[in-house]
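In: sequence and predicted model, in that order:
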Amino acid sequence: MPRDTLIDAIDFGIDHLIKGYEQWNVASVLDKESDYFPNNLHWQYGHLLTVFEFALSTVEQNEVDIALYNNLFGYGTKPADWGDVEVPDIEEIFKHIKTLPERVRNLESQQLETELQEPIVGCETLGELLVLNACHVPLHNGKIEEMTRVLKQI
């Protein structure tokens, strides 16, 4: 995928994510739990940030503690397991989400070609992983909208 297309895809996805938070009034059900979903909306936003931060950590461009965020928001985690760990609030999560397009835009071509220590879902370079992340955002945007609608009804 050409660099400009990657950046446009990330810009579009993140912009939609941020606008959707307000448009769908997600805050009203942000931490609401339900048997319908394994996670809450707070987790959804933290998860999206976590996978981007993990990718950016391959070239030391992450802004958050990867180990902490992965333990809270990584694949297979859920709020029920958070215990008494201090979970970053949604403002902190969005503070970092909002910087993602610019941080990706500032990556140099050689950084995008950085090989991952081991392939992740078939991705072998940072650039490929960022393409996957660009596809990952709209998937969760849809899930967030779905969850918000359902959680407001119960």
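Out: Alright, I've got the coordinates.
In: now do the strands in this structure.
Out: Taking DSSP state E, the strands of the chain run over residues 115-120, 123-125.
In: below-threshold pLDDT in the chain: ranges please.
Out: Flagging of the chain using pLDDT under 70 yields the residue ranges 1.
In: let's see 90
Out: 1-4 (pLDDT under 90).
In: can you pull out the helices in it?
Out: Secondary structure of the chain by DSSP state H: the helices cover 3-23, 41-57, 66-73, 90-97, 100-105, 109-112, 126-153.
In: for the fifth one, packing partners?
Out: What it means is helix 100-105. helix 3-23, helix 41-57 (3 or more CB pairs under 8 Å, 6 or more residues apart in numbering; DSSP states H and E). From N, CA and C alone the C-beta is placed, and that goes for glycine too.
In: just the CA trace of the shortest one, in CSV.
Out: Written as CSV, here are the backbone C-alpha positions of helix 41-57 (Å, rounded to 0.1, in the frame of the first residue of the first chain):
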residue,chain,number,x,y,z
LEU,A,41,-16.5,0.2,25.3
HIS,A,42,-13.7,1.5,27.4
TRP,A,43,-11.8,-1.7,26.6
GLN,A,44,-12.6,-1.2,22.8
TYR,A,45,-10.9,2.2,22.7
GLY,A,46,-7.9,1.0,24.9
HIS,A,47,-7.5,-2.0,22.6
LEU,A,48,-7.3,0.1,19.4
LEU,A,49,-4.7,2.3,21.0
THR,A,50,-2.8,-0.7,22.3
VAL,A,51,-2.4,-2.4,19.0
PHE,A,52,-1.1,0.8,17.4
GLU,A,53,1.2,1.5,20.2
PHE,A,54,2.6,-2.0,20.0
ALA,A,55,3.3,-1.5,16.3
LEU,A,56,4.9,1.9,16.9
SER,A,57,7.0,0.4,19.7
